[in-house]
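**Student:** Model the following, please.
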Amino acid sequence: MTALRERRDAAIGVFDSGLGGLTVASAIAAALPDEDLLYLGDTARVPYGTRSPATVVRYARNNVAFLKERGVKLVVVACNTVSAHALGGLADGGDTPVLGVIRPGARAALAASRGGPVAVLGTPGTVRSRAYEDAIHELDPERPVHAIACPLFVPLAEEGWTDHAATTLIAREYLAPLAGTGVDTIILGCTHYPLLQRTLRAVADDVLGTHVTLVDSATAVASEVVRFLDATSGRRPPSTTTHRFFVTDAPERTGEVAARFWPAARGVEHVDIKIL
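**Tutor:** Residues are numbered from 1 along each chain as shown. Modelled structure (predicted):
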């Protein structure tokens, strides 16, 4: 990875279908405080979780092209749906590495587990893809995995209803099928879900028991980025940093929502990305 070492002063690019990926960007900034970050939220086309795989691939390729045009040294795909459907085709043989969220989340879950079944909470698209099951079974072929689609969690997080009674009620409905399964670890398989972690923790304790560990994929991805940059000598030397935030629609409205995911996400800029 000589090319990465030579470009270590360049920014890390992060993209998601919307603003949930700011939880990943925030975790990366905390783990790597000397790195510049460039975030792109494709708010004009959110959500990706209900789109066809072919459409997700098209959107993702345009997002990667936008980040590469701005000279990033690494692209972090902070979208579980894209990581499930399109990750393998995004590097295109170029010299800009692309990392996703699913494999780091799967590894973190198995490391946290005490040997019991693993549950995945995700969008319908991520659950349909079976990407987490595949990633877990690559490492532990016999490990039982229970995947639960939780489509209402994203709008609840964006609405700021992180501790609302409605969120608790809906979480109980989603987690109820896991009762009696012996699950000891739950992957929060969408970048929005960490905002609901306090409610999910309380509901999991009540429905499943206090032995269940919640795994935040954002933290797992940040750890993966640290390991990757260390392995490739790609870390930026100590320096002042710049964080820039781009969205493809309604920056005035999204600025307020962005602050719920990462208070440092200020000065959101609009960019028009043409879908090829």
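
**Student:** Break the protein down into its domains, please.
**Tutor:** Per automatic domain parsing, the domain ranges recorded for the chain read 2-100+219-270, 102-217.

**Student:** quick one, strands of the stretch 1-150 of the chain?
**Tutor:** When secondary structure is read from DSSP state E, counting those that start in this stretch, the stretch 1-150 of the chain shows strands at 12-16, 37-41, 74-77, 98-99, 118-122, 145-149.

**Student:** picking that back up, got the domains of the chain as JSON lines, with mean neighbour count columns?
**Tutor:** Any C-beta I mention is one placed from the backbone N, CA and C, and that applies to glycine too. Rendered in JSON lines, the data for these read as follows (neighbours: other Cβ atoms under 10 Å):
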{"stretch": "domain 2-100+219-270", "mean neighbour count": "20"}
{"stretch": "domain 102-217", "mean neighbour count": "19"}
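
**Student:** hang on, the earlier thing: of the strands of the stretch 1-150 of the chain, which is nearest residue 219?
**Tutor:** Each of the strands of the stretch 1-150 of the chain was scored for nearness to residue 219 using Cβ to Cβ, and the closest is strand 74-77 (13.1 Å).

**Student:** Give me the sheet partners of that closest one and which way each runs.
**Tutor:** Applying DSSP bridges to the sheet, strand 74-77 is found paired with strand 12-16 (parallel), strand 98-99 (parallel).

**Student:** Least confident of those strands, on average?
**Tutor:** When the strands paired with strand 74-77 are ranked by mean pLDDT, strand 98-99 comes last with a mean of 94.

**Student:** Go through the domains of the chain and find the least confident stretch.
**Tutor:** Confidence, taken as mean pLDDT, is least for domain 2-100+219-270 of the domains of the chain (a mean of 89).

**Student:** From residue 3, how far out is the closest residue to residue 114 other than its chain neighbours?
**Tutor:** If the residues on either side of it in the chain are set aside, residue 114 comes closest to residue 184, at 5.3 Å by Cβ to Cβ, 6 or more residues apart in numbering. Per Cβ to Cβ, to the nearest Å, residue 184 is found 41 Å from residue 3.

**Student:** got it, and residue 74?
**Tutor:** Taking Cβ to Cβ, one finds residue 74 at 11 Å from residue 3.

**Student:** Let me know the secondary structure of residue 227.
**Tutor:** For residue 227, the secondary structure call by DSSP: H, G, I helix; E, B strand; the rest coil comes out as helix.

**Student:** can you give me the helices in the stretch 51-200 of the chain?
**Tutor:** 53-69, 80-85, 102-112, 124-129, 131-139, 153-159, 165-175, 197-207 (DSSP state H, counting those that start in this stretch).

**Student:** Which of those sits closest to residue 247?
**Tutor:** Across the helices of the stretch 51-200 of the chain, residue 247 has its closest neighbour in helix 53-69 (11.5 Å, Cβ to Cβ).
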